[in-house]
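J.: I'd like to go over a predicted model; first the sequence, then the structure.
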Amino acid sequence: MNITRRVEALRVQGIVTASGGKWRDGVRASPAQRIYRYFEVVQIIASRTLQTRYRGSVLGVFWSLSNPILMTGIYALIFGTAFASYYQGSVLRYVAATFVGLAVLTVFAGTTSQALTSIVTNGGLLNKVRLPVSIFPVANAAANFFQFFIGTFPVLVIVTAIETRSIVNVVALIVPAIGLIMVSIGVSLLTSSLYVYFRDLPYMYEMVLFIIWITSPIFYPASLVPPRIRTILAFNPIVSIVNSFRQIALTKQPPDFALMGLALLAGIGILAVGAIAFRFLKRDFMDLL
């Protein structure tokens with residue numbers, strides 16, 4: 001059953017309704033019922049996205065591991081020996097730190113890039129069935145984070161368990177992961193809404209992602225960056241998340257609550273900005289789709 005028929009079936013069942021949060025018989029749904037309906041449709045669209053993406057694939061969602069692993073290997077070959085002194089003289093520690101950074105950057109870049117066109121791509125469906133427009137970037141994020149938690153996150157858990165031998169550190173990984181989810185959804189809401197108005201945005205966003213990548217201490221140690229520049233890089237929301245993941249997974253120290261707080265604060269701030277911008281811009285969506 002295609003996505004239009006699936007959503008139409010939900011509409012008939014009362015899960016997808018007209019605006020105002022009412023059931024078909026006119027009884028107003030409670031906030032809990034509306035949230036349930038919202039995430040029911042998100043689950044359907046996210047599932048469709050994953051099925052389409054990996055139809056006929058042997059490894060399926062585990063392909064999400066291929067990019068950070070491949071890039072980590074390339075960086076280790078080129079920079080491993082040169083930067084090992086910044087990682088206690090160990091190339092393996094450089095490899096681990098680089099993998100953690102690339103895991104974060106890969107899921108952020110993939111989620112936000114794919115969400116950018118999600119509203120315009122589904123404009124035909126929005127013209128047929130009344131849906132909350134935010135469902136599409138959120139469903140795209142849900143699909144990508146399902147990949148992350150099935151493929152990459154278990155590797156981070158294993159690395160943390162081996163390196164720290166602390167169940168507290170393993171559990172604490174969920175905190176920067178939540179920050180990463182919020183940052184990715186916030187940026188997805190912002191870019192997907194802007195793309196409705198500016199169709200050249202994908203070309204500009206490629207440059208934005210490059211800036212985020214080069215200003216994040218992914219393949220180079222942060223200590224190489226001059227102190228004055230380091231202050232500017234603090235505005236990169238990915239940096240605090242990467243630093244928190246690395247501190248928890250690789251330092252043999254208890255989780256740093258300050259770093260975890262910065263990761264969550266970055267997530268809350270970016271999510272709030274994205275949600276406010278989306279709410280402001282969506283008023284003219286249907287006229288432009």
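T.: That came in fine, so what should we check first? Residues are numbered from 1 along each chain as shown.
J.: Please give me every residue in contact with Leu156.
T.: 100, 103, 173, 245, 249 (C-beta atoms under 8 Å, 6 or more residues apart in numbering). In this view, the C-beta of every residue, glycine as well, is placed from N, C-alpha and C.
J.: Go again with 7 Å.
T.: Contacts here follow C-beta atoms under 7 Å, 6 or more residues apart in numbering; on that basis Leu156 touches 100, 103, 173, 249.
J.: Just send those residues back as CSV, with secondary structure too.
T.: Formatted as CSV, the contacts of Leu156 follow (DSSP: H, G, I helix; E, B strand; the rest coil):
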residue, secondary structure
Val100, helix
Ala103, helix
Leu173, coil
Ala249, helix
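J.: Please identify which pair of the residues you listed lies farthest apart.
T.: Maximum pairwise distance in those, criterion C-beta to C-beta, is 11.0 Å, between Ala103 and Leu173.
J.: Compare those two (neighbour count), which wins?
T.: Remark: of Ala103 and Leu173, Ala103 carries more neighbours, 28 against 20, as counted by other C-beta atoms under 10 Å.
J.: I'd like the distance between the more buried one and Ala222.
T.: Going from Ala103 to Ala222 by C-beta to C-beta, to the nearest Å gives 17 Å.
J.: Could you provide the contacts of Leu156 in JSON lines, with additional columns for pLDDT and distance to Val187?
T.: Formatted as JSON lines, the contacts of Leu156 follow (pLDDT from 0 to 100; distance: C-beta to C-beta, whole Å):
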{"residue": "Val100", "pLDDT": "94", "distance to Val187": "20"}
{"residue": "Ala103", "pLDDT": "93", "distance to Val187": "17"}
{"residue": "Leu173", "pLDDT": "96", "distance to Val187": "21"}
{"residue": "Ala249", "pLDDT": "94", "distance to Val187": "24"}
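J.: Out of these, the closest to Val239 would be?
T.: Val100 (12.7 Å).
J.: my guess is the closest one meets Asn243, correct?
T.: No: applying C-beta atoms under 7 Å as the test, Val100 and Asn243 come out as separate, 9.8 Å apart.
J.: Compare the two (neighbour count), which wins?
T.: Using other C-beta under 10 Å, the more surrounded residue of Val100 and Asn243 is Val100, with 27 against 22.
J.: Let's check: the centremost residue of this structure is which one?
T.: Ser184 (3.7 Å; C-alpha atoms, centre = their mean).
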